[in-house]
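Q: Compute the structure for the input listed below.
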Amino acid sequence: MTARQEDKEAFLRETGWRGEPLRPLAGDASNRRYDRLTLDARPVVLMDAPPDTGGSIEPFLDVAAHLEGLDLHPPAILAQDRAKGFLLLEDLGDGLYARIFEATPDQEIPLYREALSVLRHLHRAPPPPLPDYGAAEMAAAIDLAPIWYADAPDHAAPLAESLLQALETLDWSRKVVALRDFHAENLIWCPREAGLRRVGLLDFQDAVLSHPLYDVASLFHDARRDVPEPVVETLRQEVFHWFAEDLATFDRAIAILSAQRALRILGIFARLSLHFGKPGYVDLIPRVWTQLEINLQHPSLAEVAQLVAETLPKPSPAHLDDLKARSGTCPMP
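A: Have a look, this model is predicted:
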């Protein structure tokens, strides 16, 4: 048994655990691990965030407290060991948006509408202290694409500068809490709750202060599933006035923010394979590339589109196979 395993079991015993089996849950792109277990006949989730791998539970706790204070629905914190990076969390159940949509596609519009209502409510509240994620930070973040996806680091600065110019045309006068990974794999439908608490929230520890449409872009242009165009169009027409003064402003912001997200995610997924040895993320790259191409069609991104065409390779089978073949072999630059 490893020292980490011993620490985990010691933490669980302090909560009343009697050796019931732990059932691993699907993790995320970080070094955090999740297990589901039963404690006093109640299903709960253990978050294991080893501090020595750069993890910290402090941001999760801070953002969870803010969300709970707004009567939203993060998992309740049942027990914690801040020093060793363990949290025992409420189990929000199996109603993951993505799984519900697979079984009942007609639920997409009503459930996405509820998720967008959560964002509207969140944006109305004064934000807590969080890292800033404005135009400059967002432009700098896309260097992952030329460095990791294209293996062309010399192109990082010109691409970032071009995107920065587009980002600076947006209205940054009111930054709000952006949960960042706001998509169907991180939303759980909790029908026994009331109001906005029916939308369970996960994976929000990287929250920042950013543009009001950042999380909307994340929801509409999901890297892990295709959101049907009729669903996006219906919701776009219904809710644009919640987040922007008019539809043209909404569309321009969605295009620019979605392009930024796509460029960053291309680099993240390539790095997850090349450095961290997780080649499964490469399979998601074609969808992200398609989303990038769609959003680059907006006139405000013409220069960015030209640079992308000149510097980033299309996700051909050969390029994707190469990203997989070199999985886990590339050190950090």
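
Q: in the protein, which ranges drop under the pLDDT threshold?
A: 27-30, 54 (pLDDT under 70).

Q: biggest helix in it by residues?
A: The longest helix of the chain (DSSP state H) is helix 247-274.

Q: Which is the succeeding secondary structure element to that helix?
A: Later in the chain than helix 247-274, the nearest helix or strand by DSSP states H and E is helix 285-295.

Q: which parts of that next one are buried?
A: By 16 or more other CB atoms under 10 Å, the buried positions in helix 285-295 come out as Ile285, Arg287, Val288, Trp289, Gln291, Leu292, Asn295. In this view, the C-beta of every residue, glycine as well, is placed from N, C-alpha and C.

Q: of those, closest to Pro279?
A: Ile285 (10.9 Å; CB to CB).

Q: Name the nearest residue to the closest one, sequence neighbours excluded.
A: Pro315 (4.9 Å; CB to CB, 6 or more residues apart in numbering).

Q: tell me, how many neighbours does the one you found end up with?
A: Pro315 has 19 neighbours, counted by other CB atoms under 10 Å.

Q: Return the residues in contact with it.
A: For Pro315, the contacting residues are Ile285, Pro286, Trp289, by CB atoms under 8 Å, 6 or more residues apart in numbering.

Q: still on that earlier bit, packing partners of the longest helix of the chain?
A: helix 135-141, helix 144, helix 156-167, helix 214-220, helix 229-243, helix 285-295, helix 317-325 (3 or more CB pairs under 8 Å, 6 or more residues apart in numbering; DSSP states H and E).

Q: For Leu116, which of those helices is the nearest?
A: Of all the helices and strands packed on helix 247-274, helix 229-243 comes closest under CB to CB, at 5.2 Å.

Q: what's the distance between that closest one and the middle of its chain?
A: 20 Å (CA atoms, centre = their mean, to the nearest Å).

Q: residues of that helix that come out buried?
A: Going by 16+ other CB under 10 Å, helix 229-243 has these buried residues: Val231, Val232, Leu235, Arg236, Val239, Phe240, Trp242, Phe243.

Q: hey, where'd the strands end up in the stretch 51-200 of the chain?
A: 77-81, 86-90, 176-178, 187-189, 199-201 (DSSP state E, counting those that start in this stretch).

Q: Kindly reformat these as JSON lines and extend each row with mean neighbour count and distance to Gln165.
A: JSON lines is the format used below for those (neighbours: other CB atoms under 10 Å; distance: least, CB to CB, whole Å):
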{"stretch": "strand 77-81", "mean neighbour count": "17", "distance to Gln165": "42"}
{"stretch": "strand 86-90", "mean neighbour count": "21", "distance to Gln165": "41"}
{"stretch": "strand 176-178", "mean neighbour count": "25", "distance to Gln165": "21"}
{"stretch": "strand 187-189", "mean neighbour count": "23", "distance to Gln165": "33"}
{"stretch": "strand 199-201", "mean neighbour count": "23", "distance to Gln165": "34"}
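
Q: closest one to Pro129 among those?
A: strand 176-178 (10.8 Å).

Q: packing partners for that closest one?
A: helix 108-124, strand 208-210.

Q: Deepest in the core, which of the ones you listed is it.
A: Sort these by mean neighbour count, taking mean count of other CB atoms under 10 Å, and strand 208-210 sits at the top with a mean of 20.

Q: name the helices or strands packed onto it?
A: Counting by 3+ CB pairs under 8 Å, 6+ apart, strand 208-210 packs on strand 176-178.

Q: For the strand it packs on, which strands pair with it and how are they oriented?
A: When pairing is defined by DSSP bridges, strand 176-178 lines up against strand 208-210 (antiparallel).

Q: circling back: next one: the residue nearest to Ile285 relative to His211, how far apart?
A: 27 Å (CB to CB, to the nearest Å).

Q: Repeat that for Ala325.
A: Ala325 is 37 Å from His211, by CB to CB.

Q: between these two, which one's more packed in?
A: With neighbours defined as other CB under 10 Å, Ala325 and His211 compare such that His211 has more, 25 against 11.

Q: How about the contacts made by the more buried one?
A: Gly134, Leu170, Trp172, Lys175, Val176, Ala178, Ala253, Leu257.

Q: Now the buried members of the residues you listed.
A: In the contacts of His211, the ones that pass as buried (16+ other CB under 10 Å) are Gly134, Leu170, Lys175, Val176, Ala178, Ala253, Leu257.
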